[in-house]
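**Q** Turn this into a model:
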Amino acid sequence: MRVLFINPPECAASGLSDLAAFEPLGLELLAASLSRHETRLVDLVFERKSVESAISEFMPDMICMGCFTSQVYMVRELLRQAKRCDPDVVTVVGGYHPTFMPGDFDEPFVDVIGIGPGVPALAELADVLETGGDPLAVPGFFVRRAGAMVRTPPRTLPATLDGEPFPDRVISAAYRRQYHVFGVGPIAVLRTSEGCPFRCTFCCIWDFTGGMYRMRSPELVAEELERIEEKYVYIFDDNFFVSRPRVRAIADAVAARGISKKYWCFGRADFICGNPDLVERWAGLGMTNVYIGMEACTDEGLEAFNKRSTVATNNEAVRILRRNGITPDLGFIMRPAATRKDFRTLLAYVRSLGIHREGYAEYMSLTPLPGTQLWREMQDELVTRDFRFFDLIFPVLVTALPTRAYFRELTRLYVRTYLNLGLLRRKLRGNPLGLNPLGTLKSVIASFKFLWRLGKACVLGARGYVPRKFPREGACAD
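**A** Numbering: from 1, shown residues only. Reported below is the predicted structural model:
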C-alpha cells in the first residue's frame with residue numbers, strides 16, 4: 001500500500017513559528033510503523049507543492065496528516081483538494097485537535113479520524129485496508145460509513161514505548177538541513193517519553209494520552225540517539241526532567257556510548273532545584289538550553305495554573321542552570337485579567353533574572369485549547385472560535401484591557417526583552433550552540449516579522465493580525 005504523509009504548513013497567525021521548524025516526528029513514527037508499505041513525506045513547511053502534484057507523482061492509496069488547532073482550516077482544505085484529485089484515496093487525519101474535536105473533520109472528504117496516539121493504530125488500519133478488511137474493526141478511530149462518522153472501539157495503549165519503532169528519518173532526508181530552532185541547526189527531535197504525570201489546567205497533553213505517562217527504556221533512548229546524525233538534538237518530551245532514576249539512567253547510557261551532542265529539553269523548576277547534580281551531569285554531556293514553563297511571576301498566579309511550584313523555586317532553577325552554563329528559556333502566560341501594571345511587573349521580573357542579557361523569554365496569552373480543563377470551563381468567555389487566532393499569542397478570551405491596548409503591552413514586553421544592547425553583544429560574542437551567520441539572520445528576520453504583526457495589532461486590532469493569505473473561516477471580535 002502506498003501511504004503519503006503531508007506535513008501541513010504552520011498556520012499560527014502570529015508567525016512566531018517561523019523562529020523554529022522541527023522535523024514532523026509524529027509522521028516519522030507513523031511511517032516507521034508501516035514497514036510493510038511504501039511511504040513518502042511531503043513537508044509543505046518548506047516545499048511549495050500542490051496536493052495534486054504530490055498525488056500524481058506518488059499515486060498513494062492513503063493520505064495522512066496531523067493537525068494542531070491553528071492548522072484546522074489549512075488541513076481541511078488540503079484534504080478537500082486530495083479527495084477532489086482522487087476520490088478513491090483514503091484520507092486520514094489525526095493529532096491533538098482531531099482527537100478532542102472530531103466534529104471539525106466530519107466532512108465528506110475525510111474518511112478516517114485518528115483518536116489519541118496512533119503509531120500502532122495506523123499500521124493496523126493500513127494492513128486491514130490493504131487486505132480488504134473492515135476498518136470498523138480497528139480500535140482508535142472514527143470511520144466514515146454511509147455518510148456518517150462511526151466510532152470504533154477505544155484502543156488500549158501499551159504501558160511503555162519500547163515496542164514502537166524508531167522514527168523513519170529517511171522520509172524527511174530532503175528537508176533535514178532546514179530543521180532549526182532560533183537559527184540553530186540542523187536540529188533533530190528525540191522523544192523519550194509520551195504524556196505527562198502533571199495536570200496543568202491549560203495543557204491537553206496528559207488527556208491526549210488518556211492520562212498515561214509512557215516511557216522508552218534508557219538503552220533504547222541511547223541507541224536511537226546514536227543513530228541521529230545531527231549535532232543538535234531537541235529532547236521533545238513534554239517534560240524530560242521528571243524522574244531522577246530515569247534521567248540518571250539515560251545519562252549513564254549516553255555516556256557509556258560516548259555520544260557527543262548538544263541538547264535542548266523541557267524541564268520543571270522543582271526537579272532542577274531538587275537535582276542540581278543531575279543538571280551538572282547533563283551539562284557535561286552537552287545540555288545547553290532548558291525550557292521552563294514559569295507561567296507566572298507571583299505565587300498566586302502559579303497556584304491558579306495548578307503548577308505546584310513557587311517563584312522562589314523558579315528563581316533558584318534559573319540560577320542552577322546558569323551556574324552550569326545552561327541557557328534558561330522561560331515561558332510565561334498572560335491571564336485575560338492582566339492590567340498594565342501586571343505586564344510591567346512581569347517585565348521587571350524578567351529583567352531581574354537577566355533574561356534580556358542571557359536567555360530567552362516567551363510571552364503567551366492564556367488560551368483554552370480543546371482537550372484542556374480551561375476549554376471545558378471557559379468556552380463561554382471566548383471572543384472567537386476562529387482557530388487562526390488560537391496561536392497562544394492572540395487573546396481569545398475577554399480581556400480587562402481593550403485588544404489594541406493588550407497588544408501594546410505585549411509588544412512592549414517583547415521589545416524591552418529583546419531589542420537591547422545586551423542581546424546584541426551576546427549575538428556578537430557568539431553562542432554556545434554555534435549560531436551561524438545565516439541562521440542568525442533568519443532568526444532576526446523572523447523576529448521582526450513577528451514584532452511587525454504585533455505592531456499592526458496595536459493599531460488595527462484583530463484586523464491587522466491575520467495575514468490575508470490565510471484561509472478565512474469564522475470571525476473574530478475586535
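**Q** Y363: which element?
**A** Here Y363, judged by DSSP states H and E, is contained in strand 360-365.
**Q** Show me what that strand is packed against.
**A** Applying 3 or more CB pairs under 8 Å, 6 or more residues apart in numbering; DSSP states H and E, we find strand 360-365 packed against strand 327-334, helix 403-418. In short, each C-beta sits where N, CA and C put it, glycine included.
**Q** Kindly present those as a markdown table, with separate columns for mean neighbour count.
**A** Shown next, in a markdown table, are the helices and strands packed on strand 360-365 (neighbours: other CB atoms under 10 Å):
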| stretch | mean neighbour count |
| --- | --- |
| strand 327-334 | 22 |
| helix 403-418 | 19 |
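**Q** Export the ones you listed to TSV and append columns for distance to G132 and mean pLDDT.
**A** Compiled in TSV, the helices and strands packed on strand 360-365 are given as follows (distance: least, CB to CB, whole Å; pLDDT from 0 to 100):
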stretch	distance to G132	mean pLDDT
strand 327-334	48	94
helix 403-418	54	92
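**Q** Adding distance to A54, write these out as JSON lines.
**A** Formatted as JSON lines, those follow (distance: least, CB to CB, whole Å):
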{"stretch": "strand 327-334", "distance to A54": "35"}
{"stretch": "helix 403-418", "distance to A54": "37"}
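**Q** quick one: which of those is nearest W375?
**A** Taking CB to CB, strand 327-334 is the member of the helices and strands packed on strand 360-365 nearest to W375, at 14.8 Å.
**Q** Give me the helices and strands touching that closest one, please.
**A** strand 287-295, helix 311-323, helix 340-352, strand 360-365.
**Q** which residue ranges form the strands in the stretch 101-250 of the chain?
**A** Counting by DSSP state E, counting those that start in this stretch, one finds strands in the stretch 101-250 of the chain at the ranges 112-114, 141-145, 148-151, 180-181, 187-190, 193-194, 214-215, 232-235.
**Q** ranking these by burial, who's on top?
**A** Compared across the strands of the stretch 101-250 of the chain, strand 112-114 shows the largest average neighbour count, a mean of 25 (mean count of other CB atoms under 10 Å).
**Q** which residues are contacting it?
**A** Applying CB atoms under 8 Å, 6 or more residues apart in numbering, the external contacts of strand 112-114 come out as 90-95, 98-99, 102, 105, 121-122, 125, 135, 140-144, 149.
**Q** And for stretch 267-278?
**A** With contacts defined as CB under 8 Å, 6+ apart, stretch 267-278 is touched by 198, 239-242, 244, 247-248, 251, 279, 290-294, 308-309, 313-314, 316-317, 320-321.
**Q** and stretch 256-269, how far apart are its ends?
**A** For stretch 256-269, the separation between the terminal residues is 27 Å (CA to CA, to the nearest Å).
**Q** Enumerate the positions of that stretch that are buried.
**A** Residues 261-269 are the ones in stretch 256-269 that count as buried (16 or more other CB atoms under 10 Å).
**Q** Go through these and name the one nearest F68.
**A** Distance to F68 across the buried residues of stretch 256-269 (CB to CB) is lowest for F266, with 17.0 Å.
**Q** Against A82, how distant is the nearest residue to E107 once chain neighbours are set aside?
**A** Distances taken as CB to CB, 6 or more residues apart in numbering put R76 closest to E107, at 6.7 Å, once the chain neighbours are dropped. For R76, the distance to A82 (CB to CB, to the nearest Å) stands at 11 Å.
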